[in-house]
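J.: my questions are about this predicted structure, shown below with the sequence.
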Amino acid sequence: MKLAIIGMNPYYESDRILYEALQKGHEAVFLSKRRIVETNFFDKGKFGIFFSVPTREEQLFSKENFPNQELLKLNPEQSYAPEKEIRTLLGGNSNKRISNLFDINYFDAFIFREISKTLEWSTILANYLLSHKKTVVDEKIGSEMYYKSKHGTFYKTSLSGFPYAKTFAITSKSMLLSMLEHVAYPIIVKKSESSKGKGVYKCTTKV
């Protein structure tokens with residue numbers, strides 16, 4: 001059985017024991033919620049989530065996610081989703097290289113850890129997994145709740161089958177230029193640091 005542990009913290013001895021125990025007889029993979037790659041733009045009602053696994057180098061130099069001790073073996077030998085497909089989903093940005101990606105269909109069951117700090121996102125993810133007939137060990141995480149973030153809005157809109165505009169998160173000029181090759185005008189632009197309807201603009205031509 002292929003198990004995905006989402007949000008495990010290697011700082012905690014209990015999580016390390018759980019991870020090592022699950023590896024006996026199963027293929028257990030740790031997936032950090034901080035490194036979930038969201039393909040959360042909606043093209044004809046499609047919604048996809050892929051998970052990325054930290055590299056050994058990232059484990060060595062990251063004080064936030066990993067302890068300064070013997071590294072967990074978190075690098076599976078094969079990836080489910082081809083890199084070309086991921087680049088397409090992310091808007092065709094050829095400058096962004098993503099490795100060690102997994103589609104949800106790679107795993108048989110999902111175990112959530114540390115959900116208190118990211119309750120809303122964990123609930124959205126659990127709902128998504130359950131809707132795709134996946135086993136979530138704690139199904140209460142997938143209970144219906146009020147979503148206050150745009151991720152929740154996107155998810156519920158997708159479930160309803162209501163047409164939703166293709167959406168991109170732009171973090172660099174190169175990503176912006178790449179995105180412009182895949183959209184038609186007009187487009188709506190919103191500043192990421194703004195809220196309550198502020199910082200929203202309509203662009204009818206390339207500026």
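T.: It's in.

J.: so after the helix or strand harbouring residue 5, what's the next helix or strand?
T.: Here residue 5 sits within strand 2-6, counting by DSSP states H and E. Using DSSP H and E, the next helix or strand after strand 2-6 towards the C-terminus is helix 13-22.

J.: quickly list the domain ranges of the protein.
T.: Here the domain parsing of the chain from automatic domain parsing is 2-163, 168-207.

J.: got the buried residues for the shortest one?
T.: Meaning domain 168-207. Residues 168, 170, 175, 178, 179, 180, 187 are the ones in domain 168-207 that count as buried (16 or more other CB atoms under 10 Å). Where C-beta positions appear, they are placed from N, C-alpha and C, glycine not excepted.

J.: could you give the mean pLDDT of the longest helix seen in the chain?
T.: Looking across the chain with DSSP state H, the single longest helix is helix 119-131. What helix 119-131 shows for mean pLDDT is 78.

J.: next: stretch 136-148.
T.: 70.

J.: same check, this time on stretch 22-40
T.: On average, stretch 22-40 scores 64.

J.: related to what we said a few turns ago, where among the domains of the chain is the average confidence lowest?
T.: Of all those, the minimum mean pLDDT falls on domain 2-163 (a mean of 63).

J.: helix or strand for residue 30, which one?
T.: Residue-wise, residue 30 maps onto strand 27-31 under DSSP H and E.

J.: what pairs with that strand, parallel or antiparallel?
T.: Strand 27-31 sits in its sheet next to strand 2-6 (parallel), going by DSSP bridges.

J.: give me the angle between the strand it pairs with and helix 13-22.
T.: Angle, strand 2-6 to helix 13-22, by axes from the mean of the first three to the mean of the last three CA atoms, to 10 degrees: 170 degrees.

J.: now strand 2-6 - C-alpha only, PDB.
T.: The C-alpha trace of strand 2-6 is given here as PDB (Å, rounded to 0.1, in the frame of the first residue of the first chain):
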ATOM      1  CA  LYS A   2       1.200   3.500  -0.800                       C
ATOM      2  CA  LEU A   3       0.600   5.900   2.000                       C
ATOM      3  CA  ALA A   4       1.000   9.700   2.000                       C
ATOM      4  CA  ILE A   5       1.600  11.500   5.300                       C
ATOM      5  CA  ILE A   6       0.700  15.100   4.900                       C
END
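
J.: outside of that strand, which residues touch it?
T.: By CB atoms under 8 Å, 6 or more residues apart in numbering, the list of residues contacting strand 2-6 from outside reads 15, 18-19, 22, 26-33, 51, 102, 106-113, 122, 125.

J.: pull out the buried positions in it.
T.: The neighbour-count check on strand 2-6 (16+ other CB under 10 Å) flags 3, 4, 5, 6 as buried.

J.: got a markdown table for those, with distance to residue 198 too?
T.: Shown next, in a markdown table, are the buried residues of strand 2-6 (distance: CB to CB, whole Å):
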| residue | distance to residue 198 |
| --- | --- |
| 3 | 43 |
| 4 | 38 |
| 5 | 39 |
| 6 | 33 |
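
J.: please identify which of the residues you listed is nearest to residue 193.
T.: When the buried residues of strand 2-6 are compared for distance to residue 193 (CB to CB), residue 6 wins out at 27.7 Å.
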